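Asker: Kindly return the folded structure for what I paste below:
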Amino acid sequence: VFYMSKTLELAFKTNLNKTAKLQFPQVNVAVSEADAKAAMDNIIKLNILQPTAGTPIKATSAKLIDVTSTTLFETK
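Answerer: Sure, this is the predicted structure:
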């Protein structure tokens with residue numbers, strides 16, 4: 001059995017000059033560059049993330065990561 005899903009990974013520069021990442025697994029919709037940038041700008045503006053790496057202050061990247069999984073054996 002063959003499975004494929006995508007994870008949306010958003011990366012931010014923080015006020016501590018570190019990187020904070022936010023991941024959304026199993027993305028099944030099209031995401032454009034403009035969509036990602038707008039969402040990230042809103043996340044920064046709303047100040048809703050408080051990671052240990054510091055407060056996000058700048059969007060640095062957005063990636064769609066393909067993950068492929070092939071089940072070779074499974075007992076139920």
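Asker: For whatever helix or strand residue 40 lives in, give the mean pLDDT please.
Answerer: Residue 40 belongs to helix 33-46 when assigned by DSSP states H and E. On average, the pLDDT along helix 33-46 is 96.
Asker: Which elements pack onto that helix?
Answerer: Judged by 3 or more Cβ pairs under 8 Å, 6 or more residues apart in numbering; DSSP states H and E, helix 33-46 is in contact with strand 2-14, strand 56-70. Bear in mind the C-beta positions are built from the backbone N, C-alpha and C, glycine included.
Asker: Just checking: what are the partner strands of whichever helix or strand comes after the first one?
Answerer: Read that as strand 2-14. Sequence order places strand 19-24 as the next helix or strand after strand 2-14, per DSSP H and E. The sheet places strand 19-24 alongside strand 2-14 (antiparallel), with pairing taken from DSSP bridges.
Asker: hmm, who's touching the strand it pairs with?
Answerer: Strand 2-14 has contacts (Cβ atoms under 8 Å, 6 or more residues apart in numbering) with 19-28, 31, 36, 39-40, 43-44, 49, 51, 53-71.
Asker: again, only using 6 Å
Answerer: 19-27, 40, 53-56, 58-70 (Cβ atoms under 6 Å, 6 or more residues apart in numbering).
Asker: got the helices and strands packed on helix 33-46 as a markdown table, with mean neighbour count columns?
Answerer: A markdown table is the format used below for the helices and strands packed on helix 33-46 (neighbours: other Cβ atoms under 10 Å):
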| stretch | mean neighbour count |
| --- | --- |
| strand 2-14 | 16 |
| strand 56-70 | 13 |
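Asker: could you dump those strands to TSV with mean pLDDT and distance to residue 76?
Answerer: Converted to TSV, the helices and strands packed on helix 33-46 look like this (pLDDT from 0 to 100; distance: least, Cβ to Cβ, whole Å):
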stretch	mean pLDDT	distance to residue 76
strand 2-14	85	16
strand 56-70	91	17
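Asker: Tell me what the most centrally placed residue in the chain is bridged to.
Answerer: Centroid check for the chain by Cα atoms, centre = their mean gives residue 9 as the closest residue, at 2.0 Å. Applying DSSP bridges to residue 9 gives these bridge partners: residue 23, residue 63.
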